[in-house]
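Undergrad: Fold the following for me, if possible:
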Amino acid sequence: MERDGERVEEAKARLITELQLLSTITSKIKAFGLFEIKTTNSASWNSILSLRPLAQSFIFCNVNNGENSWFWYDRWTPFDQLINFLGPNGPRDLRIPTSAHVKDACSASGWLLSQPRSDNALKLHIHLTTITNPRHLNEQDSYHWCVDGRDIMGFSSSKTWEALRPRATPKDWFKEIWFSGAIPRQAFMMWLANYNRLPTKVRMSSWGLNVQTACCFCNNNEESRDHLFLSCPYTISLWRLIFARLDRNRAPFISWTELLSWVRVSTSAAPNILKKLVTQSLIYNTWRQRNSANHHNGFAPPQTTFSTIDRDIRNVISARRHRKKFSSLIQLWIQ
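TA: Next up is the predicted model:
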């Protein structure tokens with residue numbers, strides 16, 4: 001019985017502590033627009049506060065009775081935050097304190113704002129004549145997460161990121177690398193190769209590292225991206241095995257641009273999606289054999305590597321055979 005009593009007291013103490021913590025957090029959230037970043041705050045709380053300008057652009061307050069909405073700091077009018085719209089002298093000019101809620105700025109007979117002294121203040125007065133006096137409403141204020149001016153009915157990280165993320169002009173090669181059906185690790189390898197960011201021996205030497213730059217497959221040329229994937233006898237053997245199935249009259253590529261151009265062209269005998277899958281598999285498996293040669297003192301012959309490429313293509317097509325664009329690829333690949 002004594003142990004049970006101790007457990008009850010411990011549970012009560014924990015509950016009281018949690019309620020106190022919740023009360024503290026709630027009070028801070030209510031003053032979200034008024035709190036300042038201070039060295040006395042915790043690092044996590046200061047980090048949250050630093051995101052206020054970003055978050056404020058998405059949060060819109062739908063004012064009803066005006067009890068919870070801040071007059072100066074919530075976005076409840078078409079003019080965003082009134083403290084920014086009217087400037088730091090706005091509270092003095094309108095005679096509304098910075099700590100006021102919307103309901104504090106009106107009475108049952110109307111709004112309590114002083115006469116406008118600026119064009120922006122006049123615009124606010126005109127807008128307030130178009131909305132219902134909060135003193136006449138009983139419903140609580142509500143907050144909404146809006147993206148591009150539209151209420152998305154709750155928070156959405158994907159839609160918010162789409163609105164926030166930096167954007168650049170789409171690259172002309174992106175469809176050759178990122179496409180539905182690609183193997184993620186192979187697409188990522190292709191992306192690195194396209195940017196020439198793979199740590200080939202030539203690149204490592206340019207960083208000041210003391211490495212031999214000779215190709216690990218042929219030992220006749222320096223290991224650059226274009227040599228490794230396009231002109232090395234090892235990869236030329238792989239390309240010939242691929243051309244035998246997809247493009248019998250095709251000559252070896254002489255540049256990376258020519259490779260991308262070949263991948264883009266789609267024919268009845270070799271749809272570009274099949275070319276993209278084969279190219280990415282070749283880049284990925286050639287790099288694996290290159291690492292094996294450099295770190296394990298050996299690499300598989302071209303025919304063995306091609307068998308791995310062949311298995312990759314068959315597995316991808318088999319897994320997606322119910323998709324329309326993959327349904328006929330297996331016949332084209334094994335013919």
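
Undergrad: which other residues reach stretch 224-235?
TA: 193, 196, 198, 200, 202-203, 215, 217-218, 221, 252-256, 259, 282-283, 286-287, 289-290, 302 (CB atoms under 8 Å, 6 or more residues apart in numbering). Backbone N, C-alpha and C define where each C-beta goes, glycine included.

Undergrad: check contacts around the one residue sitting closest to the centre of the chain.
TA: Centre of the chain computed as the mean C-alpha position; nearest residue by CA atoms, centre = their mean is residue 161, 5.8 Å away. Residues counted as contacts of residue 161 (CB under 8 Å, 6+ apart): none.

Undergrad: now do 10 Å
TA: Residues near residue 161 by CB atoms under 10 Å, 6 or more residues apart in numbering: residue 147.

Undergrad: and if you look at residue 316?
TA: 181-183, 186, 273-274, 277, 280-281, 326, 329.

Undergrad: What of residue 160?
TA: Contacts of residue 160 (CB under 10 Å, 6+ apart): 54-55, 58, 145, 147, 152.

Undergrad: any idea which of these is closest to residue 126?
TA: Closest approach between the contacts of residue 160 and residue 126, by CB to CB: residue 58, at 26.2 Å.

Undergrad: Run a quick neighbour tally on the closest residue to that closest one other than its chain neighbours.
TA: Distances taken as CB to CB, 6 or more residues apart in numbering place residue 145 nearest to residue 58, at 5.5 Å, with adjacent residues excluded. Neighbour count of residue 145, defined by other CB atoms under 10 Å: 16.

Undergrad: follow-up on the earlier one: filter the contacts of residue 316 down to the ones in helices?
TA: Applying DSSP state H to the contacts of residue 316, the entries found in helices are 186, 273-274, 277, 280-281, 329.

Undergrad: which one of those is nearest residue 127?
TA: Nearest to residue 127 among those, with distances taken as CB to CB, is residue 273, at 54.6 Å.

Undergrad: Tell me who's in contact with the closest residue to the closest one other than its chain neighbours.
TA: Nearest residue to residue 273 in three dimensions, chain neighbours excluded: residue 325, at 5.9 Å (CB to CB, 6+ apart). Shown in contact with residue 325 (CB under 10 Å, 6+ apart): 179-181, 271, 273-274.

Undergrad: neighbours around the closest residue in space to residue 333 that isn't next to it in sequence, how many?
TA: Leaving aside its chain neighbours, residue 333 sits nearest to residue 313 (5.7 Å; criterion: CB to CB, 6+ apart). Other residues near residue 313 come to 21 when the count uses other CB under 10 Å.
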